[in-house]
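Q: mind looking at a prediction? Sequence and model below.
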Amino acid sequence: MSTLTWGVLIISVLVVIITTAILLFATFARRERPPSSTSKERQLVSRAGNPVSVIYAGLILSTVVLFGVTIWTMMTLADIAAPPSKPSITVEVTGHQWWWEVRYLSDDPSQIFTTANEIHIPVGEPVAIKLRSADVIHSFWVPALSGKTDTIPGQTNTTWILADRAGTYRGQCTEYCGLQHAHMGFELVAMPKEKFESWRKDQLRSASEKSLASPGQRAFMQKCAVCHTVRGTRAGGRVGPDLTHLMTRSTIAAGTLPNRIGYLSGWIADPQHVKPGSKMPRLDINGQDLAQVRSYLETLN
């Protein structure tokens, strides 16, 4: 792709230079003046050569160059449409107003799990991305790693990602999808293969047994379970993100806030202050319940 970009840039610069040179030559070149005459009769102006042939030559040359660039572009797009090798994993990403559901697929049902707003991939291996939408059109984009691909209701689009270096890459919805479109971000974390496998193994676990039947867990079931899932508990809501391993994520509210206790408390208590119009409502929650829910969420790692 970079070769095509540089090639088109060089061709464009050459076109500008040649066109400018011809224009300057035509403007400043000395023309042979006709002999002076006292006659007031009109004289025919004659030009050497055939100017029409010059126009034809320019038209043919332009057509050949544009046709060649078009073929080159189509060949390059065909080369990058498919990953360089078979994808090692497949991730299904579903856009919601305004967050991302991330589901790791597998032929073995026991290896399938769901997370949210954070995608982990192994370095150096292509990853297939299946894109869906739960409501309106969104657009999936990781600027440093991929182009933009829309998520369209009732349709599954596919793309792929490959990270050459470990690191955290910012992703964003780039199709206006409503009031909180600007706060619909996510993070893509590329890590060495062994660290990725360790992360995936941890994600397959259900909620920590030590947190079950605690006061915080009971408060969570009363206030939050209708919308959120925590695997291993009776909380099975699908309206909001899966929170089974919430504390392993670096952000909350689809990349809007860092995942720290103070921000988490503020988000639970008054999400409409942070993201007005978001689907998470203000909860009728007192200070004691807030502290208990927060203490329970801290165990979800």
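A: Yes, it's here.
Q: please enumerate the helices of the stretch 101-250 of the chain.
A: 193-203, 215-223 (DSSP state H, counting those that start in this stretch).
Q: output the contacting helices and strands for the shortest one.
A: Where contact means 3 or more Cβ pairs under 8 Å, 6 or more residues apart in numbering; DSSP states H and E, helix 215-223 is packed against helix 287-297. To be clear about C-beta, it is placed using only N, CA and C from the backbone, and glycine gets the same treatment.
Q: that older thread, and the helices of the stretch 101-250 of the chain, which is most packed in?
A: The highest average neighbour count among the helices of the stretch 101-250 of the chain, using mean count of other Cβ atoms under 10 Å, belongs to helix 215-223 at a mean of 18.
Q: could you check the angle helix 287-297 makes with it?
A: 110 degrees (axes from the mean of the first three to the mean of the last three Cα atoms, to 10 degrees).
Q: partners of the very next helix or strand once past helix 215-223, with directions?
A: Using DSSP states H and E, the helix or strand that follows helix 215-223 in sequence is strand 251-252. Strand 251-252 pairs in its sheet with strand 257-258 (antiparallel), by DSSP bridges.
Q: quick one: distance of the helix or strand following the strand it pairs with to the chain centre.
A: Note on strand 257-258: by DSSP H and E, the next helix or strand toward the C-terminus is helix 261-269. Distance of helix 261-269 from the chain centroid (Cα atoms, centre = their mean, to the nearest Å) equals 27 Å.
Q: for helix 261-269, name the packing helices and strands.
A: Looks like helix 261-269 contacts strand 251-252, strand 257-258, helix 271-274, helix 287-297 (3+ Cβ pairs under 8 Å, 6+ apart).
Q: sorry, back to before: can I get the helices of the stretch 101-250 of the chain in CSV with distance to residue 9?
A: Converted to CSV, the helices of the stretch 101-250 of the chain look like this (distance: least, Cβ to Cβ, whole Å):
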stretch, distance to residue 9
helix 193-203, 37
helix 215-223, 56
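Q: just say which of the helices and strands packed on helix 261-269 is most tucked in.
A: strand 251-252 (a mean of 22).
Q: hang on, the earlier thing: among the helices of the stretch 101-250 of the chain, which gets the worst mean confidence?
A: Ranked by mean pLDDT, the helices of the stretch 101-250 of the chain end with helix 215-223 in last place, scoring a mean of 88.
Q: possible to save the helices and strands packed on helix 261-269 as JSON lines with distance to residue 109 and mean pLDDT?
A: Compiled in JSON lines, those are given as follows (distance: least, Cβ to Cβ, whole Å; pLDDT from 0 to 100):
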{"stretch": "strand 251-252", "distance to residue 109": "29", "mean pLDDT": "95"}
{"stretch": "strand 257-258", "distance to residue 109": "34", "mean pLDDT": "95"}
{"stretch": "helix 271-274", "distance to residue 109": "33", "mean pLDDT": "93"}
{"stretch": "helix 287-297", "distance to residue 109": "27", "mean pLDDT": "91"}
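Q: so which of those is nearest residue 19?
A: strand 251-252 (50.3 Å; Cβ to Cβ).
Q: what does stretch 188-202 contact?
A: Around stretch 188-202, the neighbours that count as contacts under Cβ atoms under 8 Å, 6 or more residues apart in numbering are 104, 113, 118-125, 142, 145, 161, 163, 165-171, 245, 248.
Q: what's the answer for stretch 53-64, then?
A: Taking contacts as Cβ under 8 Å, 6+ apart, no residue outside stretch 53-64 touches it.
Q: just to revisit the earlier point, closest one to residue 155 among the helices of the stretch 101-250 of the chain?
A: helix 193-203 (27.5 Å).
Q: and the gap between residue 97 and residue 184?
A: Distance from residue 97 to residue 184, counting by Cβ to Cβ, to the nearest Å: 8 Å.
Q: identify the contacts common to those two.
A: residue 177.
Q: the two: which is more packed in?
A: With neighbours defined as other Cβ atoms under 10 Å, residue 97 and residue 184 compare such that residue 184 has more, 28 against 19.
Q: surely that one and residue 99 touch.
A: Yes: at 6.7 Å, residue 184 and residue 99 qualify as touching, with contact defined as Cβ atoms under 8 Å.
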